[in-house]
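Asks: Got a predicted structure plus its sequence, pasted below:
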Amino acid sequence: MKILFYCSRPDNNRGSYRIWVNDLNNYFNLIGVQSNINNDMSGDYIILDKNDAKLFPSLKKKYSNKKIGIINHSANSDIKPDFIIVGSIEEKESLCQHKNVFLFPLIEKQYQNTKLKKHVKTDVLKICYHGNEQHLSRFDEGFKDAIEEFNKNVMKVEMKIITSNFPSTNHLPNVVTDFVKYDLNTIISEIQECDIGVAPNISSEKYTKIDDSIGLHDTDFCIRFKNKSNAGRSFVFHQLGLPVIADLTPSNLHILGNPNNGYIVFNKNSWLKALNELCDYNKRNEVAQAAKKEFERLYNPIEWTKQLYKNIKENV
C-alpha cells in the first residue's frame with residue numbers, strides 16, 4: 001500500500017497541514033507504510049489537503065483506479081470522497097452521511113518529548129490562550145467576568161494571547177493582556193512562560209421554551225459549537241505542562257472528564273473555582289503531570305496511525 005499526500009500550499013504554520021500532512025506522512029513511514037508528499041502519483045491512495053478538496057472530481061476522473069480521501073472535509077460540500085480524515089468525534093458525527101470517516105486526533109509532533117514546565121510560586125498568575133482569534137469572543141461566556149473579578153479580589157493576572165491575526169476588539173479591557181504573534185520557533189517558550197492554559201470554544205443560549213412536563217427546564221444546558229470543534233488547543237497545554245481550563249466541548253472530556261487532569265467549566269462560577277484552585281503552584285504541577293500522563297496513554301500518534309492505516313486498508 002502506497003500513499004500520496006497532495007497539497008498545493010505546503011505550510012507548516014498551518015495546523016491542518018502540519019499535523020495531517022507533514023506529521024502523518026512521517027508517521028506512516030515510521031510504521032512501514034510507503035508515503036510521500038506531492039512526489040509520486042503511483043500511490044494506491046491519494047489524500048488531499050483540505051484546501052484542495054475541489055480537485056477531487058478531476059483527480060478521480062484522471063485516476064479512477066485510485067482511492068482518494070480528503071482531510072477535514074466540509075460538512076456542506078456535495079463532493080463525496082472515498083474516505084475522510086477528521087480530528088474529533090464532533091467532526092466525525094457531522095460527516096456521518098459519508099461512508100468512511102476516520103479519526104486522527106490533532107496530536108502535535110513538534111511538542112512530543114518536550115520537558116514539562118515546572119511550576120513555582122509567583123505573585124502574578126499568567127494565563128495563556130493560543131489559537132484562532134475567532135475564539136476570543138467566547139471569553140464573554142463567563143471567562144471575562146471571572147478573570148476580572150479574580151484579578152481584582154484574589155490575585156493579579158496577566159493574559160497572553162498567541163494568535164496569527166490580532167483581533168480588532170480587546171475582549172479583556174480590564175486585564176493586562178499581551179498579544180503575541182504565532183511563531184513556530186518561539187511558541188514553546190511563549191506558552192511555558194505562562195501558568196495556566198485556557199481553551200474557550202462554546203456559545204451558550206437560554207432555552208426559549210420551558211415545560212417541566214416534557215423535561216424542558218430553566219436549568220438545562222444549551223450550548224453551541226462548531227462541527228469541527230476539537231481538543232487540539234488543550235492537547236498543546238497537556239504536552240507542555242500547563243494545567244488546562246476548558247469548556248464542555250465533547251472532545252475536551254476525553255482527558256478533562258477526570259477532575260484530576262484539569263477543569264471543565266461552563267459559566268463564571270466554574271471559571272472562578274478553577275482559577276482559585278490553580279493559585280497554588282503545587283496544584284498546577286499536580287494537575288499538569290496527571291494530564292500529561294493521560295495524554296500519553298490516550299494519544300500515542302503511532303497507535304493512532306496504525307489504526308488509521310487499518311481503517312483505510314480494510315474499509316476503502
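Replies: Yes, it's here. Residues are numbered from 1 along each chain as shown.
Asks: In this protein, which residue is most central in space?
Replies: Nearest residue to the geometric centre of the chain (Cα atoms, centre = their mean): Gly232, 1.8 Å.
Asks: Just the buried residues of the longest helix along the chain, please?
Replies: In the chain, with assignment by DSSP state H, the single longest helix is helix 281-298. Neighbour counts over helix 281-298 (16 or more other Cβ atoms under 10 Å) mark Arg284, Asn285, Val287, Ala288, Gln289, Ala290, Ala291, Lys292, Glu294, Phe295 as buried. For glycine as for every other residue, the C-beta is placed from the backbone atoms N, C-alpha and C.
Asks: Now do the contacts for the fifth one.
Replies: With contact set as Cβ atoms under 8 Å, 6 or more residues apart in numbering, Gln289 has these partners: Leu116, Gly241.
Asks: which stretches of the stretch 1-150 of the chain aren't confidently modelled?
Replies: Nowhere does the stretch 1-150 of the chain drop to pLDDT under 70.
Asks: how deep is Tyr228 tucked in, by neighbour count?
Replies: I think there's a mix-up here, since residue 228 is Lys and not Tyr. For Lys228, the neighbour count with other Cβ atoms under 10 Å is 18.
Asks: do the same with Ile79
Replies: By the criterion of other Cβ under 10 Å, Ile79 has 16 neighbours.
Asks: Quick check: it touching Lys60?
Replies: No: the criterion here is Cβ atoms under 8 Å, and Ile79 misses it with Lys60 at 9.4 Å.
Asks: Spell out which residues make up each domain of this structure.
Replies: Per automatic domain parsing, the domain ranges recorded for the chain read 2-107+299-315, 111-297.
Asks: ranges for the strands of the stretch 51-200 of the chain?
Replies: With strands called from DSSP state E, counting those that start in this stretch, the stretch 51-200 of the chain shows them at 67-71, 83-86, 101-103, 124-130, 156-163, 176-181, 196-199.
Asks: possible to save these as TSV with distance to Ile47 and mean neighbour count?
Replies: Output for those, formatted as TSV (distance: least, Cβ to Cβ, whole Å; neighbours: other Cβ atoms under 10 Å):
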stretch	distance to Ile47	mean neighbour count
strand 67-71	5	22
strand 83-86	7	24
strand 101-103	11	19
strand 124-130	27	21
strand 156-163	28	19
strand 176-181	30	14
strand 196-199	28	26
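Asks: so which of those strands gets nearest Asn39?
Replies: Comparison of the strands of the stretch 51-200 of the chain against Asn39 by Cβ to Cβ identifies strand 67-71 as nearest, at 16.6 Å.
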